[in-house]
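# got a predicted model here, sequence first, then my questions.
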Amino acid sequence: QVQLVESGGGLVQAGGSLRLSCATSGRTFSSAAMGWFRQAPGKDREFIATIRRSGGSTDYADSVKGRFTISRDNAKSTVYLQMNSLKPEDTAVYYCAAATYYSSTYRSERRYDTWGQGTQVTVSS
(Lines give C-alpha, C1' and ligand atoms only; values in the text may rest on other atoms or scores of the structure.)
Protein backbone atom coordinates (compact mmCIF):
# COMPACT_ATOMS: atom_id res chain seq x y z
CA GLN A 1 0.00 0.00 0.00
CA VAL A 2 1.26 3.43 -0.92
CA GLN A 3 1.95 5.61 2.08
CA LEU A 4 3.37 8.99 2.96
CA VAL A 5 4.46 9.67 6.53
CA GLU A 6 5.45 13.16 7.63
CA SER A 7 7.62 13.96 10.61
CA GLY A 8 9.67 16.80 12.03
CA GLY A 9 6.94 19.19 13.09
CA GLY A 10 6.92 20.90 16.46
CA LEU A 11 7.02 24.17 18.35
CA VAL A 12 9.64 26.76 17.43
CA GLN A 13 10.17 30.44 18.13
CA ALA A 14 9.86 33.02 15.39
CA GLY A 15 13.08 33.21 13.40
CA GLY A 16 13.88 29.57 14.06
CA SER A 17 14.11 26.59 11.73
CA LEU A 18 12.56 23.17 11.28
CA ARG A 19 13.06 20.40 8.77
CA LEU A 20 10.07 18.29 7.80
CA SER A 21 10.53 14.83 6.32
CA CYS A 22 8.15 12.81 4.19
CA ALA A 23 8.99 9.13 4.03
CA THR A 24 7.44 7.29 1.12
CA SER A 25 6.66 3.64 0.54
CA GLY A 26 5.50 1.61 -2.38
CA ARG A 27 5.75 3.30 -5.74
CA THR A 28 5.03 6.78 -4.41
CA PHE A 29 8.56 8.06 -4.79
CA SER A 30 8.44 7.37 -8.52
CA SER A 31 5.53 9.81 -8.77
CA ALA A 32 5.81 12.68 -11.24
CA ALA A 33 6.11 15.20 -8.44
CA MET A 34 6.06 15.53 -4.68
CA GLY A 35 4.62 18.53 -2.90
CA TRP A 36 4.10 20.19 0.45
CA PHE A 37 0.91 21.95 1.44
CA ARG A 38 -0.29 23.49 4.71
CA GLN A 39 -3.57 24.28 6.36
CA ALA A 40 -3.98 26.82 9.13
CA PRO A 41 -7.05 26.80 11.41
CA GLY A 42 -10.07 28.20 9.62
CA LYS A 43 -8.26 28.45 6.29
CA ASP A 44 -8.10 26.41 3.10
CA ARG A 45 -5.16 24.14 2.44
CA GLU A 46 -2.53 26.03 0.45
CA PHE A 47 0.38 25.11 -1.79
CA ILE A 48 3.87 25.56 -0.36
CA ALA A 49 6.40 23.82 -2.58
CA THR A 50 6.84 21.07 -5.14
CA ILE A 51 9.71 19.12 -6.69
CA ARG A 52 9.53 17.17 -9.93
CA ARG A 53 10.96 13.68 -10.26
CA SER A 54 12.33 14.46 -13.72
CA GLY A 55 15.08 17.01 -13.45
CA GLY A 56 14.32 17.93 -9.86
CA SER A 57 12.94 21.35 -10.69
CA THR A 58 11.19 23.15 -7.84
CA ASP A 59 8.42 25.70 -7.40
CA TYR A 60 7.45 27.71 -4.31
CA ALA A 61 4.62 29.83 -3.09
CA ASP A 62 5.58 33.49 -2.85
CA SER A 63 4.92 33.45 0.89
CA VAL A 64 7.79 31.01 1.52
CA LYS A 65 10.18 31.71 -1.36
CA GLY A 66 13.66 32.35 -0.06
CA ARG A 67 12.87 30.86 3.36
CA PHE A 68 11.80 27.28 2.57
CA THR A 69 13.64 24.69 0.49
CA ILE A 70 12.21 21.42 -0.85
CA SER A 71 14.57 18.57 -1.65
CA ARG A 72 14.55 14.83 -2.15
CA ASP A 73 16.87 11.96 -1.27
CA ASN A 74 16.28 9.22 -3.82
CA ALA A 75 18.31 6.68 -1.87
CA LYS A 76 16.05 7.16 1.15
CA SER A 77 12.83 7.71 -0.82
CA THR A 78 12.28 10.79 1.29
CA VAL A 79 11.29 14.36 0.55
CA TYR A 80 12.28 17.21 2.86
CA LEU A 81 11.08 20.72 3.56
CA GLN A 82 13.71 22.89 5.21
CA MET A 83 12.00 25.87 6.83
CA ASN A 84 14.08 28.84 7.94
CA SER A 85 13.20 32.26 9.32
CA LEU A 86 9.88 30.93 10.50
CA LYS A 87 7.06 33.36 11.25
CA PRO A 88 3.95 32.97 13.41
CA GLU A 89 1.88 32.97 10.21
CA ASP A 90 3.65 29.76 9.17
CA THR A 91 1.74 27.95 11.92
CA ALA A 92 -0.30 25.19 10.30
CA VAL A 93 -0.61 21.48 9.71
CA TYR A 94 1.83 20.57 6.95
CA TYR A 95 1.00 17.83 4.47
CA CYS A 96 3.16 15.90 2.04
CA ALA A 97 1.56 14.76 -1.22
CA ALA A 98 2.42 12.76 -4.33
CA ALA A 99 1.25 13.42 -7.88
CA THR A 100 1.16 10.37 -10.13
CA TYR A 101 0.67 12.10 -13.47
CA TYR A 102 2.77 14.67 -15.26
CA SER A 103 1.43 18.19 -15.46
CA SER A 104 2.61 21.64 -16.44
CA THR A 105 2.08 22.81 -12.88
CA TYR A 106 1.75 21.23 -9.48
CA ARG A 107 0.37 24.13 -7.46
CA SER A 108 -3.16 22.75 -7.28
CA GLU A 109 -3.94 20.06 -4.74
CA ARG A 110 -6.10 18.41 -7.42
CA ARG A 111 -2.86 17.27 -9.09
CA TYR A 112 -2.04 15.09 -6.09
CA ASP A 113 -3.56 11.69 -5.43
CA THR A 114 -1.77 10.50 -2.31
CA TRP A 115 -1.54 12.44 0.95
CA GLY A 116 0.16 12.03 4.28
CA GLN A 117 -1.55 12.47 7.62
CA GLY A 118 0.04 15.85 8.33
CA THR A 119 2.41 17.21 10.95
CA GLN A 120 1.77 20.25 13.14
CA VAL A 121 4.12 23.22 12.99
CA THR A 122 3.62 25.96 15.57
CA VAL A 123 5.66 29.16 15.51
CA SER A 124 5.51 31.32 18.62
CA SER A 125 6.09 35.06 18.54
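Nice, I can see it. Numbering: from 1, shown residues only.
# how about the residue most central in space within the chain, nearest residue that isn't a chain neighbour?
Taking Cα atoms, centre = their mean, the centroid of the chain lies closest to W36, which sits 2.1 Å from it. Nearest-residue entry for W36: I48, 4.4 Å, with adjacent residues in sequence omitted and distances by Cβ to Cβ, 6 or more residues apart in numbering. (Glycine included, C-beta is placed from N, CA and C.)
# my guess is the one you found meets Q82, correct?
No - assessed by Cβ atoms under 8 Å, I48 is found out of contact with Q82, at 11.8 Å.
# quick one: buried residues of stretch 76-89?
78-81, 83, 86 (16 or more other Cβ atoms under 10 Å).
# can you get me the start-to-end distance on it?
Counting by Cα to Cα, to the nearest Å, you get 31 Å between the two ends of stretch 76-89.
# and if you look at stretch 18-34?
End-to-end distance (Cα to Cα), stretch 18-34: 19 Å.
# part of a strand, is the residue nearest to the centre of the chain?
Yes - looking at W36 with DSSP: H, G, I helix; E, B strand; the rest coil, it is inside a strand.
# surely it touches A49?
Yes - judged on Cβ under 8 Å, W36 makes contact with A49 at a distance of 4.9 Å.
# who touches both of those two?
70, 81 (Cβ atoms under 8 Å, 6 or more residues apart in numbering).
# picking up where we left off before, quick one: the residue nearest to W36 from V93, how far?
To V93, I48 is 12 Å away according to Cβ to Cβ, to the nearest Å.
# and for D73?
According to Cβ to Cβ, D73 and V93 sit 23 Å apart.
# circling back: going by distance to S125, which of the buried residues of stretch 76-89 wins?
Nearest to S125 among these: L86, at 10.5 Å, using Cβ to Cβ.
# excluding sequence neighbours, find me the nearest residue to that closest one.
V123 is the one closest to L86 (Cβ to Cβ, 6+ apart), at 4.6 Å.
# before we move on, what SS does Y80 have?
Looking at Y80 with three-state DSSP, the answer is strand.
# what sits closest to it if chain neighbours are left out?
Residue nearest to Y80 in three dimensions, not counting chain neighbours: S71, with 5.0 Å by Cβ to Cβ, 6+ apart.
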